[in-house]
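Visitor: just to be clear, the model below is a prediction. Sequence and coordinates:
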Amino acid sequence: MQEIVIDNAAAKKYKRKVFIAFIIFIILIVSAVTAWRWLYYHQKDGGLFGGVQTPLRKVLSANERLFSFTFNPDKKVKEYPKEYAVRQVKVNGDAGMSTDFFDPAQWKLQVVKSNGDTLLVTLDEIKKLPKTDVVFNFKCIEGWSQITWWSGVRFVDFAQHYGLDKEAQMKYVGMKTPDEEYFVGLDMPSVMQAQTILCYEMNGKTLPMDQGYPLRLIIPVKYGVKHIKRIGTIFFDNNKPPDYWALRGYDYYTGH
């Protein structure tokens, strides 16, 4: 039988490596827990961006500056043939969709101009403007996506028709539901992108109530949380308007 020879030097070297690896592992664990506690208990930014620790908001703001800088309003999101669109369209949220206040026959879109004047626009008036179809991959921050077909008037055409040239030079657009329970803030370049529409049809038919009847926003360069349903008021500002999900700690820009 062959005698097994133990190399004491090699064994000591192995044990030393294991010990060092264990110490490094402990240091990493302690560092991770310390960093997590530092971040978790860090002061939150509050205000327009409530609910997020300041360091996280700084990262989100840096991402927004990067995406804004690289955004090309002339570049279109990929579109698909209408037959690719799903028949059963998911409903992404119902905030601002209460019906106890809502009389469809009395609905008018309120557009607040920069001088304080308010335009009142009916759905019939909106439907008289050139109609645009958009079939694209609707993406939700929850992780799902669907190819969907929407129709309405391009926001850029709407702004031109109603003489909103001065307003279109501002930095942001705010929109809110008639009950003001849901509201979004949007950067002007994204709103003026050619595929952004004030939408009144889905799959070639009138919008269902749960999809935002009579008018919703479709803005393909953004995730679903920005596609506000049942628009009641549109206004313009050079400062960021309040945003429902940003107030709850999410990214304000929400582009993809």
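Guide: All right, it came through fine.
Visitor: what lines up beside the longest strand anywhere in the chain in the sheet?
Guide: When the chain is parsed with DSSP state E, its longest strand is strand 145-154. According to DSSP bridges, strand 145-154 forms sheet pairs with strand 132-139 (antiparallel), strand 197-202 (antiparallel).
Visitor: distance of the closest residue to Gly212 other than its chain neighbours relative to Asp251?
Guide: Spatially, and ignoring its direct neighbours in sequence, Gly212 is nearest to Lys229 (2.9 Å; Cβ to Cβ, 6 or more residues apart in numbering). C-beta: built from backbone N, CA, C; applies to glycine. Look at Lys229 and Asp251: by Cβ to Cβ, to the nearest Å, they are 20 Å apart.
Visitor: quick one, strands of the protein?
Guide: Here the chain has its strands, by DSSP E, at 109-112, 118-121, 132-139, 145-154, 172-176, 183-187, 197-202, 205-206, 216-218, 233-237.
Visitor: quick check: which ranges of this protein have low pLDDT?
Guide: Low-confidence segments of the chain (pLDDT under 70): 1-8, 10-11, 36, 38-53, 55-57, 59-60, 62-64, 66-67, 99-102.
Visitor: one step back: what residues does the longest strand of the chain touch?
Guide: Identification of contacts with strand 145-154 by Cβ atoms under 8 Å, 6 or more residues apart in numbering yields 80, 82, 84-86, 89-90, 126-127, 129-139, 194-204, 215, 218.
Visitor: redo that, cut-off 6 Å
Guide: 80, 82, 84-86, 89, 126, 129, 131-135, 137-139, 197-203, 218 (Cβ atoms under 6 Å, 6 or more residues apart in numbering).
Visitor: show me how far it is from its chain's centre.
Guide: 16 Å (Cα atoms, centre = their mean, to the nearest Å).
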